[in-house]
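Student: Here is my input; please provide its structure:
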Amino acid sequence: MAVELIASFGFSRDNVTSNNLFIPIAYYIKSINTPGNFIDSAKYADDRKAIKRWFVASLLKSIFSFSPDAVLKPIKDIIDGNPGSFPLEEIIKRFKNTNRDITFSDENIENLLFTKYGSGDALIVLSILYPWANLRNSFHIDHIYTKSRFTTKKLEKRGYNHDMINYYMENFNYLGNLQLLEEIPNKEKNDREFEEWINANYSNQAKRKDYMEKHYIPDVSFAFDNFEDFFTEREQLLVAALRKELV
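Tutor: Numbering: from 1, shown residues only. Below you'll find the predicted structure:
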């Protein structure tokens, strides 16, 4: 059931860097007699949330990259000593200030901004930012400012200087320009500039506000020429959201 639970979070085995990540989850579920409705029942919602937080933090911190027994046995003991719910806080305390620490400092969170499109961590970090998204559905990682516009040739045609071109080319693939979109809206967005797309799809102010809040869209100009300001402001919103979820 551990594999199915991780799949329900939207992750496949391709996202999992070590099969050891499944072992504490499987052991915990077995310790509560493997309820058949664990993945879907509201009764276990808090457990699933705690397990997902442990799983995501453990992936990002690569805690099983060496000597897995040094992690597995203490976690087994903690689960045995704390029956009834997944003991996330006890696990955090046990490994705090060690080389298996799954807490996040401000520096750790700032470094997550360097998560890049196409990297193994992209979906993992976005899953933290989009807790409302059911990743079992077809969500795609989308460039807010469409990536096809980011070529040196196209930027030169816009009259941008060397420094501006470098900024655009260096940053368009990073987290500040990435969002999760369901398959159909993503296909509809396609190659359109963000300003055109948001104006066409969110002319209703209430719906626009809801979209902007869900996707951490700053209240700035969405013109392509304003990408640097947009990117900088959105990174600040992402850092605040990541701090809320991880600290």
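
Student: can we go C-alpha only for contacts and neighbour counts from here?
Tutor: OK.

Student: Helix, strand, or coil at residue 141?
Tutor: Under DSSP: H, G, I helix; E, B strand; the rest coil, the three-state class of residue 141 is strand.

Student: And residue 145, by the same measure?
Tutor: At residue 145, secondary structure determined by three-state DSSP is coil.

Student: Now do the contacts for it.
Tutor: The contact partners of residue 145, by Cα atoms under 8 Å, 6 or more residues apart in numbering, come to 172, 177, 193, 194, 224, 227.

Student: shouldn't the fifth one be in contact with residue 196?
Tutor: It refers to residue 224. No. The pair residue 224 and residue 196 fails to qualify as a contact (Cα atoms under 8 Å) at a distance of 10.1 Å.

Student: tell me which of the contacts of residue 145 is nearest to residue 16?
Tutor: residue 177 (24.3 Å; Cα to Cα).

Student: residue ranges of the helices in the chain, please?
Tutor: Listed from the start of the chain, the chain has helices (DSSP state H) covering 2-8, 22-31, 45-61, 69-81, 88-95, 106-112, 122-129, 152-157, 162-171, 183-189, 194-201, 205-214, 227-246.

Student: mind listing what's buried in the helix or strand bottoming out on mean pLDDT in the chain?
Tutor: Least confident element among the helices and strands of the chain, by mean pLDDT, DSSP states H and E: helix 183-189 (a mean of 82). By neighbour count with 16 or more other Cα atoms under 10 Å, helix 183-189 contains the buried residues 186, 189.

Student: ok, residue 224 and residue 196, which is more surrounded?
Tutor: For residue 224 and residue 196, the more surrounded residue by other Cα atoms under 10 Å is residue 224, and the numbers stand at 15 against 12.

Student: Contacts only, for that one.
Tutor: When contacts are counted by Cα under 8 Å, 6+ apart, residue 224 is found next to 145, 193, 194, 195.

Student: Ok, residue 72 next?
Tutor: Applying Cα under 8 Å, 6+ apart, one finds that residue 72 lies in contact with 20, 23, 24.

Student: From the residues you listed, which one has the minimum pLDDT?
Tutor: Ranked by pLDDT, the contacts of residue 72 bottom out at residue 20, which has 91.

Student: Report the contact partners of that one.
Tutor: Contacts were defined as Cα under 8 Å, 6+ apart; by that measure residue 20 touches 64, 68, 72.

Student: Could you do residue 39 as well?
Tutor: With Cα under 8 Å, 6+ apart, residue 39 has these contacts: 4, 5, 8, 48.

Student: how much space between the third one and residue 52?
Tutor: Meaning residue 8. If you measure residue 8 against residue 52 using Cα to Cα, to the nearest Å, the figure is 10 Å.

Student: And the closest residue to residue 26 other than its chain neighbours, how far from residue 202?
Tutor: The shortest distance from residue 26 to any non-neighbouring residue, by Cα to Cα, 6 or more residues apart in numbering, is to residue 2 (5.1 Å). Separation of residue 2 from residue 202 (Cα to Cα): 39 Å.

Student: who's more crowded, these two?
Tutor: Counted by other Cα under 10 Å, residue 2 and residue 202 do not tie: residue 2 has more neighbours, with 18 against 15.

Student: surely that one meets residue 30?
Tutor: No. The pair formed by residue 2 and residue 30 falls short of the contact definition of Cα under 8 Å, at 9.8 Å.

Student: For residue 87, grab the count of nearby residues.
Tutor: Residue 87: 20 surrounding residues under other Cα under 10 Å.

Student: so it makes contact with residue 81?
Tutor: No. Taking contact to mean Cα under 8 Å, the distance of 9.1 Å between residue 87 and residue 81 leaves them out of contact.
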